[in-house]
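[1] Give me a model of this one.
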Amino acid sequence: MLNTDPKTMTFLIVDDMDNMRRSIRAMLKLIQYGKVHHEAANGEIAWKMLSSGSHIDFVISDWNMPKMNGTELLNMMRTSKKLRDIPFLMITAETNQSIVAEAAEQDVDAYLTKPFVTATLEQKIKELLHYVTNPSQLTQLLKKSAAWREKGQVNKAIECARMAAELNKRSSRPLRELGRLFLKKNDVPLARRSFEKAISLNRLDIPSHHYLGQIALKLGEIEAAITHFTKALELSPRHADRAFKVATLLMSKNQLPEATKIIKVMLKNNPDNIALHEDTADSCFENGMYDLAAKYYQHVLNECPERDYLQKKLGTALLKTGDVRSSIEVLEKTIKRTPDDIDALLDLAQAYLDAKMRMRADKWASHALRLDPSNSRAKELLDQCS
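    Below is the predicted model of the structure:
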C-alpha cells in the first residue's frame, strides 16, 4: 500500500548536479517532508536503488541527466509492477515540447520547472498526492483495464477501456489503450482506427504514432511507416530504437540525406550506446553509406578495441570511400589477426591495386587463390596485376 503522508515518506532525489540535490533536500527538510531522503546522481543509479529493493515512496527526478535521463527512469518504473505506482515528479529546466511529450508518453504524474522555490515544491507535491489518493474515474477505469489485461482477460480490459473513452471523449489515453488491446487480439483494423483517433485528439501522443508506424511496416506500407515513425521522432528524438527504424526505412527508400540527418541526431543523443553505433555502421554499410559506416566503425573500435572483428568492415568501408591508404593500413591489421580471411585478402589486394602497387596486390590475390583455387574475384584481380 502506498504511503501518502509526505512527512513519513522516503524520498529519492535524482539529479546529476550535487547542488541541486542538496537544494531539494534542504527544501524538503524545511517543510518537514520526508523521514528519509536518498540521492542519486543519475537515472541509472536511481534504478539500481529502486530495483534492488530499496524502499522509496516518492521520486523527484531531473529530466536532463547522463547515462539515464528522467523519462528513461520513468519508463523503467512504469513497466515494473512493483514500482509503477510510485509518485513521480519530473523537474525540467525548460518547458520544451519534446520533453513534455517524452514524459507524457510514460504518464508522468507532475512537472516542475526550474528555478522554483520551496513553496512551489510543497504545493506540487500536495497536488500530486491528492491526485494519487483521489484518482479520477478515467484513471480508475484504465487501471481496471490494465489489471484485466495482466490477467489475460482482454475482452474485459477492452470493455473498461471503452467505458473510459466514453467518459472522456477528449482524452487520447483510453484510445491508445484500446489500440494496444486490439493488437493483443490481432485485430489490426480496429487497433489502427483506435491509434488514428488518439492522434487526432492529441498530436503529441507519441506511442500512437509509434504503433501506427509498426502496423504500417508490418503491412508493407513503407511510406506510411516512415511518416509515423518520423513524427514520433520529431516529438521525442531521444528514443534510439525508434530513430534507428526511421533511419533504416529512409535508407531502404534511398532517402539518404534524410537518413543521415536522423542518424546524426540519434547518435548525438546516445553517445555511450556502443551497440547502437555498431548497428548503425552495419546499416550504413549495407545501404552504401560508406563514409558514415567507416566513421562509426572507427568510433566503436576507439571505444572498444577488443571488437577487432570490425577491422575488416572498417577496411572495406574505407576502400569503398576511396581512402586507399587508410584501407590498406586497417586491412593489414586484419590479415595479421585472420590470415586466411579470403574477403579481407581480396579487399587488401584491391586496395593495393587502386594504389598502383601491383606487386603487393598480386601477393595477396595469389594468397587468396591458393586458399580458394576457384575464386573468380582473385583471378580477376591477378589478371589486372599482370
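[2] Only C-alpha atoms from now on, for both contacts and neighbour counts.
    Noted.
[3] Quick one: the strands in this protein, in order.
    All strands of the chain, identified by DSSP state E, fall at 10-14, 36-40, 58-62, 88-92, 110-113.
[4] and the third one with strand 36-40, angle?
    Following axes from the mean of the first three to the mean of the last three C-alpha atoms, to 10 degrees, one obtains 30 degrees for the angle between strand 58-62 and strand 36-40.
[5] can you list the weak-confidence ranges in the stretch 101-250 of the chain?
    For the stretch 101-250 of the chain, the stretches flagged by pLDDT under 70 are 101-108, 237-238.
[6] Dump the strands of the chain into JSON lines; add mean neighbour count as well.
    As requested, the strands of the chain are arranged in JSON lines below (neighbours: other C-alpha atoms under 10 Å):
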{"stretch": "strand 10-14", "mean neighbour count": "24"}
{"stretch": "strand 36-40", "mean neighbour count": "18"}
{"stretch": "strand 58-62", "mean neighbour count": "25"}
{"stretch": "strand 88-92", "mean neighbour count": "22"}
{"stretch": "strand 110-113", "mean neighbour count": "18"}
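[7] Give me the residues contacting the helix ranked longest in the chain.
    Assignment by DSSP state H gives helix 118-133 as the longest helix of the chain. The contact list for helix 118-133, computed with C-alpha atoms under 8 Å, 6 or more residues apart in numbering, reads 4, 27-28, 31, 87, 89, 109-110, 112.
[8] what do you get for stretch 17-35?
    Residues from elsewhere that reach stretch 17-35 (C-alpha under 8 Å, 6+ apart): 6-11, 13-15, 37, 39, 41, 118, 121-122.
[9] now do stretch 167-183
    Under the contact criterion C-alpha under 8 Å, 6+ apart, stretch 167-183 has outside partners 138, 142, 149, 154, 157-158, 161-162, 164-165, 188, 190-195, 197-199, 201-202, 205, 207-208.
[10] if we can go back for a sec, got the angle for the longest helix of the chain vs strand 58-62?
    Angle between the axes of helix 118-133 and strand 58-62 is 130 degrees (criterion: the same axes, to 10 degrees).
[11] Can I get helix 118-133 in PDB? Just the C-alpha atoms.
    In PDB, the C-alpha atoms belonging to helix 118-133 read as follows (Å, rounded to 0.1, in the frame of the first residue of the first chain):
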ATOM      1  CA  THR A 118      10.200  25.800  -1.500                       C
ATOM      2  CA  ALA A 119       6.500  26.900  -1.600                       C
ATOM      3  CA  THR A 120       6.100  25.800  -5.200                       C
ATOM      4  CA  LEU A 121       7.700  22.400  -4.500                       C
ATOM      5  CA  GLU A 122       5.400  21.900  -1.500                       C
ATOM      6  CA  GLN A 123       2.300  22.800  -3.500                       C
ATOM      7  CA  LYS A 124       3.300  20.500  -6.300                       C
ATOM      8  CA  ILE A 125       3.800  17.500  -4.000                       C
ATOM      9  CA  LYS A 126       0.500  18.200  -2.300                       C
ATOM     10  CA  GLU A 127      -1.300  18.300  -5.700                       C
ATOM     11  CA  LEU A 128       0.400  15.100  -6.900                       C
ATOM     12  CA  LEU A 129      -0.500  13.200  -3.700                       C
ATOM     13  CA  HIS A 130      -4.100  14.500  -3.900                       C
ATOM     14  CA  TYR A 131      -4.200  13.100  -7.500                       C
ATOM     15  CA  VAL A 132      -2.800   9.800  -6.300                       C
ATOM     16  CA  THR A 133      -5.300   9.400  -3.400                       C
END
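[12] Fine by me, thanks again.
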